[in-house]
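# The following block contains a protein sequence and its predicted model.
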Amino acid sequence: MKKIKRRIADLIWIILICGTYLASAQSSYEAGILPAININKKLKNDWKLNFKTESRQAFEEGFFQDKNTFDYNYILTDFALLGSRKVGFQKTVALGYLLRFREGQIFHRTIQQFIIKKKYTDFQLAHRISTDQTFAQEEPTEYRFRYRISSEIPLSGQSLDPREFYLKMNHEYLNAFEASEYDLEIRFVPLLGYAFTNKNKVELGLDYRLGAFINNAAENSFWGTINWYISL
């Protein structure tokens with residue numbers, strides 16, 4: 001447990017050092033909130049449905065060197081439905097569809113995922129490999145390949161029980177291909193969660209995203225994250 005916490009602390013320091021460097025470079029940023037609601041329903045034969053809705057809203061954007069002021073900007077709203085099924089011990093496959101409303105346009109996305117979970121004495125680790133394809137009128141199709149590693153650490157005891165806090169850390173690499181262009185986005189999401197019951201949890205944290213740094217000046221996004229999980 002101490003080793004895991006030390007690694008998490010080292011990773012946070014790396015992110016802070018990188019952020020300090022980016023702040024001194026000609027890079028842009030965007031900051032706002034990213035509230036989301038997840039509703040899960042278990043079905044027969046190891047099937048499960050997940051419905052998620054998420055809204056992205058910005059409060060400030062510009063360059064690190066400039067003095068930027070508050071400027072509210074609604075960006076998008078997503079509605080996603082995924083069906084998943086266990087295919088082995090701690091292994092799950094999922095297929096889904098996402099509908100996005102952004103700047104007067106409607107985007108359609110198909111999603112495929114493969115997830116491997118492993119439980120240790122003091123925490124749980126999950127690997128997720130995901131691909132998706134995004135379609136919109138008069139827009140080239142975007143293809144993405146994603147890998148995310150996620151850890152969940154109870155802060156009281158070795159397992160998460162009702163009325164207890166836990167720490168979740170997500171680290172993701174997202175490769176995007178659109179027409180002849182390629183981009184890599186790196187995401188780091190530390191979250192503090194609280195389990196009201198076994199079927200009701202809330203998570204608060206920061207969703208940091210670094211993108212467009214391969215061929216252009218880096219773009220940084222900072223989203224205050226609020227996730228509410230409900231199991232039916």
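Good, I have the coordinates. Numbers count the residues shown, from 1 in each chain.
# Where does pLDDT dip in this protein?
Within the chain, the segments meeting pLDDT under 70 span 1-26.
# now with 90?
Applying pLDDT under 90 to the chain picks out residues 1-29, 45-46, 60-71, 88-89, 103-104, 118-124, 137-139, 155-161, 179-181, 210-219.
# so where do the helices sit in it?
Along the chain, counting by DSSP state H, helices occupy 2-23.
# looking at it, which residue lies furthest from center?
residue 67 (28.6 Å; Cα atoms, centre = their mean).
# Tell me how far that residue lies from residue 221.
Noted for residue 67: a distance of 20 Å to residue 221, by Cβ to Cβ, to the nearest Å. For every residue, glycine as well, the C-beta is placed using N, CA and C.
# for residue 112, same thing?
25 Å.
# who has more neighbours, these two?
residue 221 (20 against 14; other Cβ atoms under 10 Å).
# what's across from the nearest residue to that one once chain neighbours are set aside in the sheet?
Take residue 221 and drop its neighbours on the chain: the residue closest to it by Cβ to Cβ, 6 or more residues apart in numbering is residue 209, 4.1 Å away. Going by DSSP bridges, residue 209 is paired in beta bridges with residue 187, residue 221.
# How far off centre is stretch 223-232?
11 Å (Cα atoms, centre = their mean, to the nearest Å).
# For that stretch, give me every contacting residue.
31-42, 56, 189, 191, 193, 198-209 (Cβ atoms under 8 Å, 6 or more residues apart in numbering).
# Which of the residues you listed fall within strands?
Counting by DSSP state E, the contacts of stretch 223-232 place 31-42, 56, 189, 191, 193, 200-209 in strands.
# So among these, which ones count as buried?
32, 34, 36, 38, 40, 56, 189, 191, 193, 201, 203, 205, 207-209 (16 or more other Cβ atoms under 10 Å).
# Return the member of those nearest to residue 124.
residue 193 (12.3 Å; Cβ to Cβ).
# wait, doesn't the closest one sit right on residue 167?
Yes: counting by Cβ atoms under 8 Å, residue 167 is a contact partner of residue 193 at 7.4 Å.
# Quickly list what's touching both of those two.
Common contacts of residue 193 and residue 167, defined by Cβ under 8 Å, 6+ apart, comprise residue 152.
# all strands of the protein, in order?
28-42, 47-63, 73-88, 91-102, 105-119, 124-136, 139-154, 164-178, 181-197, 200-211, 219-231.
# What lies in contact with the fifth one?
Just to be clear, that refers to strand 105-119. Here strand 105-119 makes contact (Cβ under 8 Å, 6+ apart) with 80, 82, 84, 90-101, 124-137, 139.
# in stretch 100-114, what's buried?
Under 16+ other Cβ under 10 Å, the buried positions of stretch 100-114 are 100, 107, 109, 111, 113.
# Residues in a beta bridge with the residue nearest to the second one when sequence neighbours are not counted, which ones?
Distance criterion Cβ to Cβ, 6+ apart; nearest residue to residue 107, sequence neighbours excluded, is residue 100 at 4.0 Å. Here residue 100 shows beta-bridge partners residue 78, residue 107, assigned using DSSP bridges.
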